[in-house]
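[1] need coordinates for the following:
(one chain, ligands or ions: 1)
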Amino acid sequence: MGKKMANIGIITSGGDCGGLNAVVRGAAKAAMLRGIGTYIIPNGYAGLYNLVDFNNLVLLDEERTDHVNSSFAGSDAGHSRVKISKIADPEKYDRILMGLRKFNINGLLISGGDDTGSVVVDLAEHGIPCVHAPKTMDLDLQTYSVGGDSSINKIANIVDDLKTTGTTHNRIMIIEVFGRYAGHTAFRGGIAADADCILIPEIPVDFNAVYAHLKHYYIRRILNSDVHAGTYVIVVAEGVRGEDGKHFSEGAGKDSFGHVHLGGAGRYIRGRLEEMMRGDPEIKQFMKTSGMYVPGVFEIPEIREVIPSHIVRSGSTSAYDVNFGKEIGAAGVILLDEGVSGVTVVKVCNGAIRYMPTSEAIVQRMVNVDDIDFYEQMDVCFGRVREPYEAKLEPQEGPVERPM
Ligand code: F6P
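    Okay, here's the model as predicted:
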């Protein structure tokens, strides 16, 4: 039987992605076994703010929970991007408390990323018991966040698929992917799809380095091919920057957390590379040698940029994210029931629930550039001149913790 909780409200918030329904299902199932009721608070923090006006909420009983399919991406609970502290209503926290009292909800399980987590901290400070189940495809929290693996798999499949059209037209393909200010999804998705070049915000782009790598692989591939076919694939994170530190993205409008909507980095990179090719006599020579050159019509290789956008967050959830999502959903319920609040579930290891203060979990985590040093040894271009790799060797001490 439950200890502290009669009923828990589930909120999913921020950008949706894979694994959220697994969080909902894991939480509902664990709550049921403890005799706790689980209610969906619809549409993120917008629903929380308006809870007091609702006539009824969906109870996740056995039957309703059966309809929550863990492998569907997105969330049956719905989302919004609302920062509670920004709501222009001085009574907002009292209004939220009234809503929770109305439905006898004693705690909240909230799944989301850094912005959502900042509201978890805020609500906990206002005396509302809440636990954070980490979710974001951007993977920029200190913990793993559900949705990352699903999005990386999507990116890898899209990039791999685009090679067929790229090779058919001998085009250079640039795929711009979500990930906000961090490069995790571009990095891991690009590696998974054997991308030639991966550009991430953590490494300012040196166009000369990209161009030299592109020329080497692209020209060699086409000239070595018996049908003179080849492509070169660049995966670019939407938040990528130049050597002056500025985003290439054109940006358009801001959300309630103050984030600019990024977009356009791929187009900018295409423009720069086209300019370099136009001024390069070796490219003209290559076009002639490969039999592609047509004066006034086809003088330099074509480049296309593709923005899969929300597709990388949609559709299905990876098996890894279903496992992790269920784990953190159930763990979040247990933490709430044990009276713990204002924390983020890290993972379940050897049957124990690991957690940390949400204020620490939401500190932004960028790609570790030491890992890039290592991956450069496989001659992936990361938009800079590759330095010689100094091998770092670390014998494992003690047993390996949770190898899977
Ligand atoms: O934070 C998740 C994310 O998918 C980012 O990678 C992306 O920049 C943003 O959300 C897009 O936001 P929206 O769903 O509001 O268009």
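[2] flag every residue of the protein that's near the ligand.
    Applying C-beta under 6 Å from any ligand atom, we find that the chain lies next to the ligand at 15, 81, 113, 136-138, 178-180, 238, 255, 262, 313. In short, each C-beta sits where N, CA and C put it, glycine included.
[3] as CSV, those residues with pLDDT would be great.
    CSV is the format used below for those (pLDDT from 0 to 100):
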residue, pLDDT
G15, 95
R81, 94
G113, 98
T136, 98
M137, 98
D138, 98
F178, 98
G179, 97
R180, 95
E238, 97
D255, 84
L262, 89
R313, 97
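[4] ok, of those residues, which come out buried?
    Among the residues of the chain next to the ligand, those buried by neighbour count (16 or more other C-beta atoms under 10 Å) are 15, 81, 113, 136-138, 178-180, 238, 262, 313.
[5] mind putting these into a markdown table with distance to D206 and secondary structure?
    A markdown table is the format used below for those (distance: C-beta to C-beta, whole Å; DSSP: H, G, I helix; E, B strand; the rest coil):
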| residue | distance to D206 | secondary structure |
| --- | --- | --- |
| G15 | 30 | coil |
| R81 | 34 | coil |
| G113 | 30 | coil |
| T136 | 29 | coil |
| M137 | 27 | coil |
| D138 | 24 | coil |
| F178 | 24 | coil |
| G179 | 20 | coil |
| R180 | 23 | coil |
| E238 | 19 | coil |
| L262 | 21 | coil |
| R313 | 30 | helix |
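[6] closest to V68 out of those residues?
    In terms of C-beta to C-beta, no member of these lies closer to V68 than R313, at 18.1 Å.
[7] for that closest one, give me its contacts.
    R313 sits next to 15-18, 73-74, 137, 147, 151, 154, 178 when contact means C-beta atoms under 8 Å, 6 or more residues apart in numbering.
[8] so which of these sit within helices?
    Among the contacts of R313, the subset assigned to helices under DSSP state H consists of 151, 154.
[9] just read off the phi/psi values of the residue in the chain sticking out farthest from the centre.
    Going by C-alpha atoms, centre = their mean, the residue of the chain most distant from its centre is P295, 43.8 Å out. Note on P295: its backbone torsions stand at phi -60, psi 130 [degrees, to the nearest 10].
[10] do you know how far it is from the ligand?
    As judged by C-beta to the nearest ligand atom, to the nearest Å, P295 and the ligand stand 42 Å apart.
[11] same question, R34
    32 Å.
[12] now I87
    Going from I87 to the ligand by C-beta to the nearest ligand atom gives 18 Å.
[13] returning to what we had before: for the contacts of R313, which two are the farthest from each other?
    Largest separation among those by C-beta to C-beta: G74 and F178, giving 14.6 Å.
[14] surely T167 and V233 touch.
    No: distance between T167 and V233: 9.8 Å, which falls outside the contact criterion (C-beta atoms under 8 Å).
[15] so which of the two has more stuff around it?
    Applying other C-beta atoms under 10 Å to T167 and V233 shows that V233 carries more neighbours, namely 24 against 19.
[16] go ahead and confirm the more buried one touches L199.
    No: with contacts defined as C-beta under 8 Å, V233 does not count as touching L199, sitting 11.6 Å away.
[17] output the contacting helices and strands for the helix or strand where D122 lies.
    For D122, the element it lies in under DSSP states H and E is helix 114-125. Using 3 or more C-beta pairs under 8 Å, 6 or more residues apart in numbering; DSSP states H and E, the elements in contact with helix 114-125 are helix 44-50, strand 107-112, strand 130-134, helix 358-361.
[18] neighbours of the residue lying closest to V348 once chain neighbours are set aside, how many?
    Nearest non-adjacent residue to V348, counting by C-beta to C-beta, 6 or more residues apart in numbering: E327, 4.8 Å away. Using other C-beta under 10 Å, E327 has 21 other residues around it.
[19] element containing the closest residue to R354 other than its chain neighbours?
    Nearest residue to R354, sequence neighbours excluded (C-beta to C-beta, 6+ apart): V346, at 4.0 Å. Assigned by DSSP H and E, V346 belongs to strand 343-349.
[20] list the neighbouring strands of that strand plus their orientation.
    Applying DSSP bridges to the sheet, strand 343-349 is found paired with strand 130-134 (parallel), strand 352-357 (antiparallel).
[21] ok, back up a step: quick one: which of the buried ones among the residues of the chain next to the ligand is nearest D194?
    Of all those, D194 sits closest to G179, with 19.0 Å by C-beta to C-beta.
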